[in-house]
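Asks: Any chance you could fold what I've pasted below:
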Amino acid sequence: MAPLSAPGMDRRRFLGLTAGAGVTLLAGAACGAGGGSADAGDPKTLNVLCEGGGKAELQPVVDAYQKSAGVTVNLVELPYDGLFNRLTTELANGKPSFDVCAVDAVWLPLFAGKLAAIDQLFTDQVKADLFPALVKEASTGGKFVGMPVWTNAEVLLYRKDLFENPAEQAAFQTRFGYPLAPPKDWKQFTEVAQFFTRPDQKLYGTDVKGAVETEWLAHVLQAGSPGVVLDDSGAVIIDNAQHLAALTFYADLANKHKVNPAGPQQTDWNAAQNLFNSGGTAMTRFWAHAYRQIPKDAAVAGKVGVAPMIGGTAGVAAIPGPWYLGIPQAGTKQDTAAEFIKACYDNNALSVQSSLGLAARKSAYQQYATQAGYESFGPLLSTLDASATRTRPATPHWQRIVDGVLIPMLQKSLTPGADYAGLLKDAKTQIEGIIK
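Replies: Below is the predicted model:
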């Protein structure tokens, strides 16, 4: 998942350069020994390292915990890249200045060996209230090393003013032979996007994001692939039939059907969000949190509906974007830190009231799903709980693969006449070179 404080959830590209260095640093550190947390002499003080958006999510939980437990919690806020570098350095040298840390999902494979096991927190009741993909991702090397505290996924945002217009409904029914409604599958999505593409009106059916990889990977899962890019054994499967089907659907939206504005190679989360909010697209596949953040003065304000992410032959699927709380093995307050993480789970619903409004527990989302203003929660629940929804591969090389292979490949695919199978074959060779 992208840095929570970044507009539009746009992932920072620095990780492609620094993640490799982090592997080396962490590999050389003594495991679970030495060092100590700041305020080591005060058992009633905890330092929690987090990213900017994460602080907003954690603050209401921290306020409740401090009152009930009598423990002072210092939220140490860092920018996304600064947080990664701080974790890399301090987990490596075994002298953490923090007692608890927020960890982006894509960092877990890199930091897992330096985080303490928190298996005692993952009771059957706890696991039942978390999305299956998150429970699986939290466990590495046979132990749980992170408790999910908030997660997100792409859902479908659409223009209700267009979809509910009687004239549009009649015209669509005449053209395609079925009622106009939020699309549920690839075929419907393509046809609805074609219907609303009207360049003369500066309106397009949807966007095509060539500068980010997550959306295409969601379609790979919808096609029934046993994983994205790598399978569970670590073998490269990016050239399988499901990856090809997903790339064909994804790139053909631009190359064949031309349902998006010009420049898909440069379209990222920010660009897509701005296009939709300004009324330039009829639909967008986007992170669910954005529904509640549509500006009141936006062209589409009060006109937006939400539906689950579209599905392929395997049904609805998405790539979750969770963050986890972990404890450094070299920390000196592990019992208190574990109590704090349990409190974060117990009071997870409080985070829904934050500016980002995200949670990790099913029950937290369910608590608000029927309330006005939280219409995105039902579709988000359905998407996150879908059987084909899976997390990214558990590899420390992931960001290098994204930056060096996946995004360049997607950008090349968004050219009429592109050889989709050839691009995937070349990508497989490149990825095998990275992970060897």
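Asks: next one: the longest helix along the chain to chain centre, how far?
Replies: Criterion DSSP state H: the longest helix present in the chain is helix 52-69. Using Cα atoms, centre = their mean, to the nearest Å, the mean C-alpha position of helix 52-69 is found 22 Å from that of the whole chain.
Asks: How many residues are close by residue 82?
Replies: The number of residues packed near residue 82 is 13, by other Cβ atoms under 10 Å. Every C-beta, even on glycine, is put in place using the N, C-alpha and C of the backbone.
Asks: in the host helix or strand of residue 409, what counts as buried?
Replies: Residue 409 is part of helix 407-413 when elements are defined by DSSP states H and E. Taking 16 or more other Cβ atoms under 10 Å as the basis for neighbour counts, the residues of helix 407-413 that come out buried are 407-410, 412-413.
Asks: Would you map the helices across the stretch 201-350 of the chain?
Replies: Read by DSSP state H, counting those that start in this stretch, the stretch 201-350 of the chain holds these helices, from start to end of the chain: 214-222, 241-255, 269-277, 334-346.
Asks: Contacts only, for residue 140.
Replies: Residues touching residue 140, when contacts are defined by Cβ atoms under 8 Å, 6 or more residues apart in numbering, comprise 108-109, 112, 394.
Asks: okay, the helices of the stretch 201-350 of the chain, which one's buried deepest?
Replies: helix 214-222 (a mean of 26; mean count of other Cβ atoms under 10 Å).
Asks: Packing partners of that helix?
Replies: The helices and strands touching helix 214-222, judged by 3 or more Cβ pairs under 8 Å, 6 or more residues apart in numbering; DSSP states H and E, are strand 154-159, helix 241-255, strand 311-312.
Asks: Quick check: which of these is nearest to residue 390?
Replies: Smallest distance to residue 390 across those (Cβ to Cβ): 12.1 Å, for helix 241-255.
Asks: Next, the angle helix 214-222 makes with that closest one.
Replies: Between the axis of helix 241-255 and that of helix 214-222 there is an angle of 130 degrees, by axes from the mean of the first three to the mean of the last three Cα atoms, to 10 degrees.
Asks: Compute the first-to-last residue distance for stretch 75-84.
Replies: Separation of the first and last residues of stretch 75-84 by Cα to Cα, to the nearest Å is 16 Å.
Asks: Could I get the average pLDDT for it?
Replies: Averaging the model's pLDDT scores along stretch 75-84 yields 95.
Asks: ok, now stretch 285-300?
Replies: Across stretch 285-300, pLDDT averages out at 96.
Asks: got it, and stretch 109-120?
Replies: Averaging pLDDT along stretch 109-120 gives 96.
Asks: Might you calculate how far that stretch sits from the centre of the chain?
Replies: 20 Å.
Asks: Buried ones in it, by neighbour count?
Replies: Using 16+ other Cβ under 10 Å as the burial criterion, the residues of stretch 109-120 that qualify are 109-118.
Asks: mind checking the end-to-end distance for that stretch?
Replies: Using Cα to Cα, the two ends of stretch 109-120 sit 20 Å apart.
Asks: Next, find the distance separating the most centrally placed residue in the chain from residue 357.
Replies: The geometric centre of the chain, computed from its C-alpha atoms, lies nearest to residue 321 (Cα atoms, centre = their mean), at 2.2 Å. Taking Cβ to Cβ, to the nearest Å as the measure, residue 321 and residue 357 are separated by 14 Å.
Asks: residues in contact with the nearest residue to residue 375 once chain neighbours are set aside?
Replies: Leaving aside its chain neighbours, residue 375 sits nearest to residue 306 (5.4 Å; criterion: Cβ to Cβ, 6 or more residues apart in numbering). Taking Cβ under 8 Å, 6+ apart as the criterion, residue 306 is in contact with 155-158, 288, 291, 375-376, 378-379.
Asks: Now these in JSON lines, please, with extra columns for neighbour count and distance to residue 138.
Replies: Formatted as JSON lines, the entries for the contacts of residue 306 read as follows, by neighbours: other Cβ atoms under 10 Å; distance: Cβ to Cβ, whole Å:
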{"residue": "155", "neighbour count": "30", "distance to residue 138": "23"}
{"residue": "156", "neighbour count": "23", "distance to residue 138": "27"}
{"residue": "157", "neighbour count": "29", "distance to residue 138": "29"}
{"residue": "158", "neighbour count": "25", "distance to residue 138": "33"}
{"residue": "288", "neighbour count": "30", "distance to residue 138": "21"}
{"residue": "291", "neighbour count": "21", "distance to residue 138": "26"}
{"residue": "375", "neighbour count": "18", "distance to residue 138": "29"}
{"residue": "376", "neighbour count": "25", "distance to residue 138": "24"}
{"residue": "378", "neighbour count": "19", "distance to residue 138": "25"}
{"residue": "379", "neighbour count": "23", "distance to residue 138": "24"}
